[in-house]
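Peer 1: could you work out the structure for the sequence below:
(chains A and B)
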Amino acid sequence: MFGRSRSWVGGQGKTKNIHSLDHLKYMYHVLTKNTTVTDHNRNLLVETIRSITEILIWGDQNDSSVFDFFLEKNMFAFFLNILRQKSGRYVCVQLLQTLNILFENISHETSLYYLLSNNHVNSIIVHKFDFSDEEIMAYYISFLKTLSLKLNNHTVHFFYNEHTNDFALYTEAIKFFNHPESMVRIAVRTITLNVYKVDNQHMLHYIRDKTAVPYFSNLVWFIGSHVIELDKCVQTDEEHKNRGKLSDLVAEHLDHLHYLNDILIINCEFLNDVLTDHLLNRLFLPLYVYSLVSPEMSDDRRINPQVSLYLLSQVFLIIHYQPMVHTLADVILNGDLSVFTPHTDTHSTHKNTASAGGVRRFTKPPESLERSLELSRHRGRKRTQKRPNYKNLGEEEDDERAGGGGGSGGGGGGEEGWDDDSRGGEREGGREREKGKGTEGVGGSSKGSRASGETAEEIEMVVMEKCKVSELTEQNITDEEKTAAATRTHIQRSRPFLDMVYSALDCTDDDYHALFVLCLLYAVSHSKGINRDLLERLQLPVPDQERTSYSLVLVERLIRIMNQAAQPDGKVRLATLELSCLLLKQSVLSGNDCIIKDVHLACLEGAREESLHLLRRFYKGEEIFLDMFEDEYRSMTSKPLNVEYLMMDASILLPPTGTPLTGIDFVKRLPCGDVEKTRRAIRVFFMLRSLSLQLQGEPETQLPLTRPEDLIKTDDVLDLNNSDLIACMVVSKDGGQAQRFLAVDVYQMSLVEPETKRLGWGVVKFAGLLQDMQVSGVEDDSRALNIVIHKPSSNPHAKPLPILQANFIFADHIRCIIAKQRLAKGRIQARRMKMQRIAALLDLPVQPSASEVLGFSQTANASPSALPFRFYEQSRRAPNDPTANRSVFASVDKVPGFAVAHCVSQHSPSPLSSPSPPSSGSGSTERCDSVTASTVSAQSPTDNGTFLEHTPPSSSGGEGEGGGGDVTSVSSTSSAHFAAPTLAPSLTPASQPTISLLTDSTADTLSVESLTLLPPSDMPHLHPIASLISATLPLQRLDAPIAEEEEGNDEEDRREEEEEEEGSPLDETETDATVKEETMTTELVTPTDEAAEEPLEVNTDQTSAIEGDEGTAAETEDTERHTETPESPELD
Amino acid sequence: MAYAYLFKYIIIGDTGVGKSCLLLQFTDKRFQPVHDLTIGVEFGARMITIDGKQIKLQIWDTAGQESFRSITRSYYRGAAGALLVYDITRRDTFNHLTTWLEDARQHSNSNMVIMLIGNKSDLESRREVKKEEGEAFAREHGLIFMETSAKTASNVEEAFINTAKEIYEKIQEGVFDINNEANGIKIGPNHPTTASTLTAGIQTPLTRSGIDKNEVTTLLDLDEDHGVVIFKFAAI
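Peer 2: Predicted coordinates for the structure are as follows:
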């Protein structure tokens, strides 16, 4: 027994094996010698108790005889004895810790039974510790929690005594339900949940009969007090100073709701009934719902309607317990029924009567929880008689109901009876009587009159008489609703709450309330606990449901919000708008069909149009606009609104503000300053555009501006024959080196290495967007460039994350300069092209003529080469033959210029008339052709829209191509797919005129048809220019063919074929064809000329070769620009 | 006993990783780790000294309550520090860290200091999770990391105290709103209210909006193009 000694005990000095029965015996001896706690033996006792714990745990794991001895000697009694001596904190804490450890570590059921068997534990539970001591409190509640974790159907009998109706563990614990220390409250909740979880009918009956009413009524009051405090916090807020406190209170409310929900989902039916009743009738209805109407009459406690809407949304988002949320939703949505027509009256009476009593009242429970529990313990039977419990009530009602139609009266009576002990009971009666007078009572007797009033309540009390009443209500509502649906005038019915909800959607001054209403409607429509019928009857938006009609009121209001959001000074926050869009979609989308009425669609289109106009104001040539535009799109798509998270944010409870200094998320406040106004306008435009497209079943074809699938990716294999490649050494930041070829595409720069299998092909090792690139020289090395490409981030203010950061070392400084220029130009180019696509999206003119407005003047004049010529071709063709060009555009549109660019790229490397292009080159050309061909069929008037998009680039010149065209070969195909779905005419309203003007200006064949069909709004104003240009055009064009001959023969042939293919079926006129040919040639020249102008862009030898043509080409280009001029204005 | 601050901790992690043993080991030295005996406890309190100040640590184990959403939610919210524990001899407990962390981040206040603990470092022979892996995980998620053994008491002290130091630093920096007990920090009964340590003004709302400490220093960004002060927000 003295074996492995590793510890000594309490100053005894003897070394022993502390883990043994003998040692326990010794401990027992110590206890018997020290039955009275004194200052001298305190330490010894504490250590003894601690050692006993250790031995017991050891015994549980190794030797059960230890437990036998512990029980036999009734050692728990010593503990109690010590406790009762008021032995002070030190000993108390030690005892509680011991008990904690004991129950925590005991693993054998039998050991546990031993410990629990003689009721000592219950004596300890009811011991009056000094709970003002924070540490004792914490240990005590942990002890109870530990015990509660051991509860199950067997162990519960050690705690719950059926005969004495005692359940100390539970009743002692719930006394601390509102303890100021949050950890204590949490522990209490844990204990209650652990208790409710035990499926023991007797125990649960006890809980319900003896404790449920006091506990739940106090709990509900506690929650309500927090709500009142929260409301006060909102009301007294100045300058958002209360936000910190407010967010705590909101979190607290959420905690409460989650707790309630945890109780409800344990699904102990009769507990749920009591809880539901209390929640509905003492909190949700009287405090939350009633606060929705006429809050100015504040006899009763009221909270702000916005607070109430916010809290109700939380309720519906968190709690899904059917009987409760359905009833709650029913009251809000249906208010009262025709039987209780003067519902509003009822309520005003209710408020006017000073008593303001009622079954559904937010009142303080008559007595504190502790007192109630004491009373119920002592009075026992007597008390139950005085206060009929739920069981009794239910029976009573059932009886009466079964008895006949007077059931409703029974319900009322029952409630009344139940409420007897609440102080308001008396007044309640009075109120009911008054109500009875107001309505026509069903019967003459006071009880009868009460019944009539009470029936209204009864519907809300479905919980109590679930089946019967709900049946009754169902019928009523259905009838009502039939008529309502027939006449479509359900607004006329008195539904004060619903009216309030709908009217709060008005955003004229602000969207403070509207946001909450939207959240509430969203939450209600997504709640699993609400009967779909209820929502359908009101035609509320139920997600994923087939439907044939929708709520006109709601939809109209939603559209109005959208309209307001699109106003320049609109006070609608982005979150509100997004939620409106969400609800609108839910309302009018039925499966894959959209059932929106034309008139509503028109209004919505109007809103979209407004948003477009709004955004146009902010459209600038500045670089930042493009970044913002793309960032907004990214953040909108990557972070869709999460209503649950939105409703967890306390900041929206305070009046909407505009300043970012509050730290409130952008979507939850109004914009501040121009940048944010721009961002907002962009976002509004995106949302409404996406909504409009979705409702019309159109796919989005123009956003995002860069689609990942259209980009060159790492490991793509490209045909780089005839591309401009610059060899370089890439030295990355971390020191890695690689030999690569730099190629610049329209939107991207890529680093390639040769493909081993195919000559002239390359494998992409890196590809990055030119627009996000920064190029700078390296100080001490004229052959090197430092290149950084940042990853586009969804948060524009986050630190940019570089995806490439490297020094590029070229063979000599000339190549370095070439590369630098190409990259720099490419960047400008890429951005410009995107800007022009945005402009097209906004139906803005992108012409040089319009340059001043748009800030593009530079582009137009200073650098004529700025645009890839691919666009030239397209725009050129367009004029010739309206029909043909449509098809062409359809194909080209896909990716601005990709397909064409490729073809062009071929001749820049081989400017000398080479009759047959390299095999690979031809391959790529074929691709171009196929693209065009494939899309020929896809002609529609709407193609113009797409055309538009491309026209802009052409105006700014083709120079960027030098780099841009090189690598496009691969992309051309993919780009084709991209464009295939063209825009609906409705979405590009302004684009229509394009055709007419185009033809008008450039080509001789003016398509009268298009003019008549779609007269451009500002034709008169545009015509002069157009005609002027068309006059000068032919002259210049004549020169073009010569130049062209040298360079792009084969190309042109192919093109012509192509053109004819497209044209012939459409029965072109002779003139068309000729003109087309002319234009064609000109187009083809332009690229070369461009290159020539920018010697650094192409190899020097090429430049010389082109030299001759330069003059002509330049001229042609000039023409080109002019020709386009007319097109743009008409767009607007 | 008088203390300057009281910090509330929670201990989270899979069952069986030794949370309650760590807790007992830290809070009660008298329970010497011995063979054949594992003892744990669900609650413990202990006084420590940081920077000459008495600080009381209250540690709550949340074991067994995971099934109630309301409980975990509130626990996280009420704590200033969390010890996230895994067992180095059980790979699965390490794999579950992400879930625990997500939970913690979602429910806790954004300033909560989280310490990652690889427990049972005494069982080197049965090790399944390399120390480097723990370190990497901690680095990736911005946690403090330590390997401990409740059995040999190795690093247990350090784990709890380092966490406390981190919290204390945050208080000094004014990141924590100490006047708000919901954060899991309480000012001692006899301690003069230290509201002065709070940086007034905008930081209070900011610290609530989900920005962690590292970002606070760079909260204000001057958007040079537009001369606008812009806030950085952590994704919510």
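Peer 1: so residue A:617, which state does it fall into?
Peer 2: At residue A:617 the chain is in helix, as set by DSSP: H, G, I helix; E, B strand; the rest coil.
Peer 1: report the contact partners of it.
Peer 2: A:568, A:681 (Cβ atoms under 8 Å, 6 or more residues apart in numbering or on different chains). All C-beta spots, glycine's among them, are computed from the backbone N, C-alpha and C.
Peer 1: how close does it sit to chain B?
Peer 2: Separation of residue A:617 from chain B (Cβ to the nearest Cβ, to the nearest Å): 17 Å.
Peer 1: how about stretch A:741-759: buried residues?
Peer 2: A:741-752, A:754-755 (16 or more other Cβ atoms under 10 Å in any protein chain shown).
Peer 1: helix or strand right after the helix or strand harbouring residue A:609?
Peer 2: Using DSSP states H and E, residue A:609 maps to helix A:598-618. Counting by DSSP H and E, the element after helix A:598-618 in chain order, helix or strand, is helix A:623-638.
Peer 1: name the helices or strands packed onto that following helix?
Peer 2: Identification of packing neighbours for helix A:623-638 by 3 or more Cβ pairs under 8 Å, 6 or more residues apart in numbering or on different chains; DSSP states H and E yields helix A:673-695, helix A:813-841.
Peer 1: could you pull out the strands for the stretch 101-250 of chain A?
Peer 2: In the stretch 101-250 of chain A, the strands defined using DSSP state E, counting those that start in this stretch lie at A:160-161, A:166-167.
Peer 1: for the first one, packing partners?
Peer 2: To tie it back to what came earlier, the one meant is strand A:160-161. Packing contacts for strand A:160-161, counted by 3+ Cβ pairs under 8 Å, 6+ apart, involve strand A:166-167, helix A:201-206.
Peer 1: and what of the last one?
Peer 2: Using 3+ Cβ pairs under 8 Å, 6+ apart as the contact criterion, the neighbours of strand A:166-167 among helices and strands are strand A:160-161.
Peer 1: out of the strands of the stretch 101-250 of chain A, nearest to residue A:620?
Peer 2: Of all the strands of the stretch 101-250 of chain A, it is strand A:166-167 that lies closest to residue A:620, at 72.2 Å by Cβ to Cβ.
Peer 1: partner strands of that closest one and their direction?
Peer 2: strand A:160-161 (antiparallel) (DSSP bridges).
Peer 1: picking up where we left off before, so of the helices and strands packed on strand A:160-161, which one's packed in deepest?
Peer 2: Looking across these with neighbours counted as mean count of other Cβ atoms under 10 Å in any protein chain shown, the highest average goes to strand A:166-167: a mean of 20.
Peer 1: can I get the helices and strands packed on helix A:623-638 in a markdown table including mean neighbour count?
Peer 2: A markdown table is the format used below for these (neighbours: other Cβ atoms under 10 Å in any protein chain shown):
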| stretch | mean neighbour count |
| --- | --- |
| helix A:673-695 | 21 |
| helix A:813-841 | 22 |
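Peer 1: could the ones you listed go into JSON lines alongside mean pLDDT and distance to chain B?
Peer 2: Below are the helices and strands packed on helix A:623-638 laid out as JSON lines (pLDDT from 0 to 100; distance: least, Cβ to the nearest Cβ, whole Å):
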{"stretch": "helix A:673-695", "mean pLDDT": "87", "distance to chain B": "5"}
{"stretch": "helix A:813-841", "mean pLDDT": "84", "distance to chain B": "15"}
